[in-house]
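Peer 1: okay, predicted coordinates and the sequence, questions at the end:
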Amino acid sequence: MPVKAKKKKAKRTKKAKELAVKATAKKAKKRTFKKTAKKALAKTSTAEKAVKRRKQGTGPAKQSVKSAVRKRTTKIPAKKPAWRISPEISQSVVDIDIWKKGDLRIEHMQVYRSGWFVVDQLPDLSEYDQDEGVNIFEEFEINKHELIDGSEGASVFPNELPQEERERLMALSDAELVDEGWTIESATRFSGPLVVEEI
């Protein structure tokens, strides 16, 4: 074999070896790069997830927060006592409107089958006179009240008022009576034995 051909062949094999070494090195480099990239991606995605959880508040709550929430839900506000007062006998509730103008006095009364009112403090009824009854709005601080089944009202006029004037006054509204100079005093009276219930 000529010397030139031998040299060419040696150069080719040397070059081929170099290329093979380079290719192996490139493959190894690619593998390590892929592994480190995957690891870095896994680390950042886990970190991102943790940050998202904290922002959304879905992460595990602290023990002190859990116990505070539990305490808040178990406390029930204490209910204040109240008493409901009603007459024991039917038709023992009377609503009275007294209209006055100078020496004139007109009484309008309406009787109710029943009624009740609610107070915050237990009333002292030791001096209560069943026959006289009690003006509930004057004697008690009332939260709620209700009058049930009122009868048709009856009016008592002074003798000096003629029938025509009585009819005219009965046709007027409360506002119109006030415009004519009449003043009103109202009273709601409960009489007879009273029933007191805690509610």
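Peer 2: Thanks, I have the structure now.
Peer 1: any weak-confidence spans in the protein?
Peer 2: Residues of the chain that meet the criterion pLDDT under 70 lie in 1-78.
Peer 1: where do the helices sit along it?
Peer 2: 3-56, 63-74, 136-139, 163-171, 174-179 (DSSP state H).
Peer 1: could you chop this structure up by domain?
Peer 2: 3-74, 83-198 (automatic domain parsing).
Peer 1: and the last one, how far apart are its ends?
Peer 2: Start and end residues of domain 83-198 are separated by 4 Å (C-alpha to C-alpha, to the nearest Å).
Peer 1: now swap in stretch 180-193 and tell me
Peer 2: Termini of stretch 180-193 sit 40 Å apart (C-alpha to C-alpha).
Peer 1: list the buried residues for it?
Peer 2: Within stretch 180-193, the residues scored as buried using 16 or more other C-beta atoms under 10 Å are 182, 187, 188, 189, 190, 191. Placement of C-beta: from N, CA and C, glycine included.
Peer 1: and which of those residues is nearest residue 137?
Peer 2: Taking C-beta to C-beta as the measure, residue 188 is the one of the buried residues of stretch 180-193 closest to residue 137, at 6.0 Å.
Peer 1: surely the closest one meets residue 87?
Peer 2: No. Applying C-beta atoms under 8 Å, one finds residue 188 not in contact with residue 87, separated by 11.4 Å.
Peer 1: which neighbours do those two share?
Peer 2: 93, 115 (C-beta atoms under 8 Å, 6 or more residues apart in numbering).
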